[in-house]
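Colleague: have a look at this prediction, sequence included:
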Amino acid sequence: MRGNVLDLAIAVVIGTAFATVVKTVVDSLVAPLIASIGGTNVNGLAFHIVDGNDKSLVDIGAIINALIVFVLTAAVVYFVLVVPMKKIQERRARRADTAEDEPEPLTTDQQLLVEIRDALRART
């Protein structure tokens with residue numbers, strides 16, 4: 001549980017900032033490329049369900065842009081935050097396993113206390 005709140009706060013801030021960067025890149029670079037696929041149509045990949053009604057515009061390019069923003073943001077969050085955290089947790093687990101396997105040797109005082117304890121057990 002240690003550091004989870006801080007990790008979450010950092011993830012939110014970085015995710016929000018990166019989402020803005022990705023959205024800008026997609027709007028400025030990818031959107032014109034997708035619109036150019038639509039040919040001479042000014043709307044690119046958009047079309048009207050009812051001609052002359054602007055409220056019936058279906059913009060396929062905007063949907064593609066949103067999907068690209070989502071995939072890029074998810075990929076960056078996964079590879080920048082999740083993968084390194086998993087590796088750190090694996091290292092901590094390996095370190096904890098090796099620490100448990102090798103008990104520390106007893107000091108002289110501890111050895112004497114163990115002998116006294118064993119002698120008292122043997123008397124009763």
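Modeller: It's in. Numbering: from 1, shown residues only.
Colleague: low pLDDT regions in the chain?
Modeller: By pLDDT under 70, the weakly predicted segments of the chain are 1-3, 6, 38-43, 99-102.
Colleague: where do the strands sit along it?
Modeller: Listed in chain order, the strands of the chain (DSSP state E) span 46-48, 57-59.
Colleague: can you check which of the ones you listed gets nearest to residue 27?
Modeller: Nearest to residue 27 among the strands of the chain is strand 57-59 (12.7 Å), distances taken as Cβ to Cβ. From N, CA and C alone the C-beta is placed, and that goes for glycine too.
Colleague: on that earlier part again, please name whichever of the strands of the chain is nearest to residue 30.
Modeller: Using Cβ to Cβ, the nearest of the strands of the chain to residue 30 is strand 57-59, at 13.9 Å.
Colleague: now do the closest one: which elements does it pack against?
Modeller: Strand 57-59 sits against strand 46-48, with contacts defined as 3 or more Cβ pairs under 8 Å, 6 or more residues apart in numbering; DSSP states H and E.
Colleague: re earlier: out of the strands of the chain, nearest to residue 4?
Modeller: strand 57-59 (39.4 Å).
Colleague: which neighbours does the closest one have in its sheet, and in what orientation?
Modeller: Using DSSP bridges, strand 57-59 pairs in its sheet with strand 46-48 (antiparallel).
Colleague: identify the residue nearest residue 30 in space, chain neighbours excluded?
Modeller: residue 68 (5.9 Å; Cβ to Cβ, 6 or more residues apart in numbering).
Colleague: returning to what we had before: possible to save the strands of the chain as a markdown table with mean neighbour count and distance to residue 36?
Modeller: Shown next, in a markdown table, are the strands of the chain (neighbours: other Cβ atoms under 10 Å; distance: least, Cβ to Cβ, whole Å):
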| stretch | mean neighbour count | distance to residue 36 |
| --- | --- | --- |
| strand 46-48 | 14 | 13 |
| strand 57-59 | 13 | 15 |
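Colleague: among the ones you listed, which is nearest residue 86?
Modeller: Comparing these by Cβ to Cβ, strand 57-59 comes nearest, at 38.1 Å.
Colleague: and stretch 106-120, how far from the chain's centre?
Modeller: Stretch 106-120 sits 51 Å away from the centroid of its parent chain (Cα atoms, centre = their mean, to the nearest Å).
Colleague: done for today, thanks.
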